[in-house]
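**Q** One predicted model, sequence on top.
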Amino acid sequence: MEQYSSQDGRFFPDFCQNRMVISAMVIAQLLAMVMILAPLNDDRRWEHLGMTTLFVQWTALVSVGFLCRLRPFLKDKPLQQAVLMTYGGLLFISLILLELAFQVIHALMLYPKAIDHLDFLSRNLLISIIVMALSLRYFYLQKQGRDLARAESLARLSALQARIQPHFLFNSLNTIASLTQLDAAKAEQAVEDLAALLRQVLEKGDHPIPLDKELALIRGYINIESLRLGERLKVEWENQPRPAHLLIPPLLFQPLVENAIRHGIEPQTEGGTIRIGVTSGGGMLILTVSNPLPKEQCDESAPRGSHIALDNIRQRLHAQFGDQAGLSIDRKECCYTARLHLPLNTLSEERAA
């Protein structure tokens, strides 16, 4: 049978997320409004709106809780079986809540006319069948859209991994070759740094890695470039206290440091200092790279590069975090600063698991 499991193994979004709960409640409220406005001769429609809203919102919340708990059990189930389990469970919840609502209405005599039990259940259950089918279809298509965006992000990562600069590799190998006779310890460390960087570049997939590992790769990259640029390359680190065990997409921060060295330090005979900051605040992890610009690029009207790496990072951020994350660029006088803003609530190791 067809298996639907992809990267996360589910065919609908994660209803444990706050935004999915809000989406379900909005859909439920819209349904309540349609149910009240549809009848042409209902003089008590606004009185009924409160009761209808109460019912549909409770149904939405209980259904979202059910989908949140059910999701891990669907990981390896065939698509048809997963759909039947999901849809059947939601209809069962609707039936139970409809029966409860009928008993409350009957006990409190909220309607002046007697309501036929079977008619009440059948009409409202039919509405639930149609609405839930449409809602699941909507959430399924929404999930497919995000999976497509993730696939595009993975393709961009593959392109990023494939674009390691040949001159960087050749320069690194030449530097290592010259160091083998002069300083064997530095040559050995350079080989280890280069191997770690290449290992990550050749790694398949876009699985998050520890932030500390990304920072270690950056230090290794800087060490290699320092062997070539010498005193021209200076680095200042600003590491403020932050939550432990954070995971970020691979090769997200390193390209910014690479750009800072390549476009900010390398063109200048006197070199310069790049500043790397890792801070947190306001629920965000902020990764900053700042570098000086050559004098001919200090003017705002000076021609700029193609920004392929920056566009790549922005699209990967959007695919991974939506509107919660971003990349901002600040260019003032002869200083160029790039800042990554990542939501801390999506970076924890427990959340990724």
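**A** Alright, I've got the coordinates.
**Q** Convert the C-alpha atoms of stretch 131-141 to PDB, please.
**A** Below are the C-alpha coordinates for stretch 131-141, written out as PDB (Å, rounded to 0.1, in the frame of the first residue of the first chain):
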ATOM      1  CA  VAL A 131     -16.900  20.600   6.900                       C
ATOM      2  CA  MET A 132     -14.400  18.100   8.200                       C
ATOM      3  CA  ALA A 133     -13.700  16.700   4.800                       C
ATOM      4  CA  LEU A 134     -13.100  20.200   3.400                       C
ATOM      5  CA  SER A 135     -11.000  21.200   6.300                       C
ATOM      6  CA  LEU A 136      -8.800  18.100   6.100                       C
ATOM      7  CA  ARG A 137      -8.400  18.700   2.400                       C
ATOM      8  CA  TYR A 138      -7.400  22.300   3.100                       C
ATOM      9  CA  PHE A 139      -4.900  21.300   5.700                       C
ATOM     10  CA  TYR A 140      -3.500  18.600   3.500                       C
ATOM     11  CA  LEU A 141      -3.000  21.000   0.600                       C
END
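**Q** heads up, I number from 547, so please use that
**A** From this message on, residue numbering opens at 547, which makes the last subject stretch 677-687.
**Q** Quick check: residue 644 vs residue 802, distance?
**A** Using CB to CB, to the nearest Å, one obtains 55 Å as the distance from residue 644 to residue 802. Every C-beta, even on glycine, is put in place using the N, C-alpha and C of the backbone.
**Q** Same check on residue 815?
**A** 23 Å.
**Q** picking that back up, residue 644 and residue 802: who's more crowded?
**A** residue 802 (24 against 20; other CB atoms under 10 Å).
**Q** can you tell me how far the more buried one sits from residue 680?
**A** 43 Å.
**Q** Next: residue 753.
**A** Taking CB to CB, one finds residue 753 at 34 Å from residue 680.
**Q** what do you get for residue 617?
**A** 20 Å.
**Q** The two - which one has more neighbours?
**A** residue 617 (20 against 12).
**Q** wait, doesn't that one sit right on residue 561?
**A** Yes: with contact defined as CB atoms under 8 Å, residue 617 reaches residue 561; the gap is 7.0 Å.
**Q** Where do the helices of the stretch 697-846 of the chain begin and end?
**A** For the stretch 697-846 of the chain, applying DSSP state H, counting those that start in this stretch gives helices covering 712-728, 730-747, 757-775, 800-805.
**Q** and residue 674, which of those is closest to it?
**A** helix 757-775 (45.0 Å; CB to CB).
**Q** now that closest one against helix 730-747, angle please.
**A** 130 degrees (axes from the mean of the first three to the mean of the last three CA atoms, to 10 degrees).
**Q** Tally up the residues packed near residue 577, please.
**A** Neighbour number of residue 577 under other CB under 10 Å is 21.
**Q** Which helix or strand lies directly C-terminal to the helix or strand hosting it?
**A** If you go by DSSP states H and E, residue 577 is part of helix 564-583. Sequence order places helix 591-616 as the next helix or strand after helix 564-583, per DSSP H and E.
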